[in-house]
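> Give me coordinates for this.
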Amino acid sequence: MVIDPVARSTDGESVRIAKDVLCAGAAAKICLPDGPEEYARALARRGHRRPVVIGDDRALLRAVALLHKERDLAQVALAVVPVGAPGAVALSRALGVPTDAVAAARAVLDGTEHSLDLLTDDSDGIVLGGLDIPCGRRLPRQREGGDEAAYEAVPGAGPGADIRAGHRAAWWAPLVRKARTALSRLAAAAGAHGGRCSRTAGHRLRVEADGVVLADLDRPVRWVSVTPGDGDDGTGLAEVVVHWQEAEPPVRARARAVTVSGTDFRYRADVVVGGPVRTRTWTVHPDAWRLTLPHD
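Presented below is the predicted three-dimensional model:
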C-alpha cells in the first residue's frame, strides 16, 4: 500500500478510512514515501505483493509510468483508492474506480482485474485515459503539489472526453461518459475567464492515423483527441477525432499509431501537459496494464 504524500496532506481522513478498510480485509505493508525517489523504491520493493496506490490521478500515473519503465506493467495488477479534489481524481473516476474511500477500498479487496489499453509516445510518455491537442488555448502550467492553472477547453469535450461511441460498452461505460462529460464541463468553466479562442484561429496540424492523413497543414483544426480502448472491444485500436473550425462533422478513425506534426504545439495527456513539440507519435499497446475495478 503506497500512500501518496499529497493525499496525506490534503485529505488525511479519507486516507485513514481507506487504510483501515484495507488492513481489516487483508495483510498489508504500508509505505509512506515523501518524494519521487522513495515512491519508486516502494514500488520496486513490492515483491509479490499487489501494489495499491492511495492518492490522486498523478499518483496513479506515477505508478503506471514506473512499472512501464521497469517493463513490468503487464505482470502487475494495480489498484487505486482515489483521494483528492474531484478534478484531481477525474481520471480514476473515468476509468471506473469509485471515488468514495470505503467503496474504492472494498473494490480493491473484492473487485476484479480489467485489462486496459495504453498509449505511449516516442519519448516514452504514457496515456491512460485520453490525449487532447486544444487549438490556441492556454494550457495549464504544472504547480507544486499537483495542482494546475486553469485552461480553456472546448465545452462538452476536452481532457478525457469519451469519444468511443459505437462500440460495445463495458458495464461502467455510462459512468465513464458522465465522469468525462463532467470533467470537460468543469475545465471549460475554469478557463472561461481567460478569454475566448477565436473562431478563425486554430492549429495547422498534420494528423495521420496508421499512415492515412486525416488533416493537413492547409486546413486549421479546432481540436484533436486520441483515446485508447478499454480492452473490452478487443480491437487494440485508439479512437482519433479531428474537429474542424467550421460547423461540420469531425473526422473519426481507429488506428494503432497516430502521428501529429506541425508548428510547435502542446498537448494534454491525462493530467500532464507536454510540449511544445513539432511532431509526436503515439502507439497503442493492447491489454498493456490491469486495473482492479468493482464487480458488475
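
> low-scoring pLDDT stretches of the chain, where are they?
135-201, 231-233, 296 (pLDDT under 70).

> Select the longest strand from it.
strand 272-293 (DSSP state E).

> Dump the C-alpha coordinates for that one into CSV.
In CSV, the C-alpha atoms belonging to strand 272-293 read as follows (Å, rounded to 0.1, in the frame of the first residue of the first chain):
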residue,chain,number,x,y,z
VAL,A,272,0.1,16.1,-17.8
VAL,A,273,0.9,18.8,-20.3
GLY,A,274,3.6,18.1,-22.9
GLY,A,275,5.4,20.1,-25.5
PRO,A,276,5.9,22.3,-27.3
VAL,A,277,6.9,19.8,-30.0
ARG,A,278,6.8,19.7,-33.7
THR,A,279,6.0,16.1,-34.1
ARG,A,280,4.9,13.3,-31.9
THR,A,281,3.7,9.7,-32.5
TRP,A,282,1.5,7.8,-30.1
THR,A,283,1.2,4.0,-30.3
VAL,A,284,-1.5,1.7,-28.8
HIS,A,285,-0.4,-1.2,-26.6
PRO,A,286,-3.4,-3.5,-26.3
ASP,A,287,-4.1,-5.0,-22.8
ALA,A,288,-0.9,-3.4,-21.6
TRP,A,289,-2.0,-2.9,-18.0
ARG,A,290,-4.5,-4.2,-15.5
LEU,A,291,-6.7,-2.3,-13.0
THR,A,292,-8.8,-3.6,-10.3
LEU,A,293,-12.4,-2.4,-10.6
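
> List the buried residues of that strand.
The neighbour-count check on strand 272-293 (16 or more other CB atoms under 10 Å) flags 272-274, 277, 280, 282, 284-286, 288-293 as buried. In short, each C-beta sits where N, CA and C put it, glycine included.

> swap in stretch 76-86?
76, 77, 78, 79, 80, 81, 82, 83, 84.

> Wait, a strand at the fourth one?
Spelled out, that is residue 79. Yes - judged by DSSP: H, G, I helix; E, B strand; the rest coil, residue 79 forms part of a strand.

> any chance of the buried residues of stretch 76-86 in TSV, with distance to residue 31 too?
Putting these into TSV (distance: CB to CB, whole Å) gives the following:
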residue	distance to residue 31
76	15
77	18
78	15
79	14
80	14
81	14
82	18
83	15
84	18
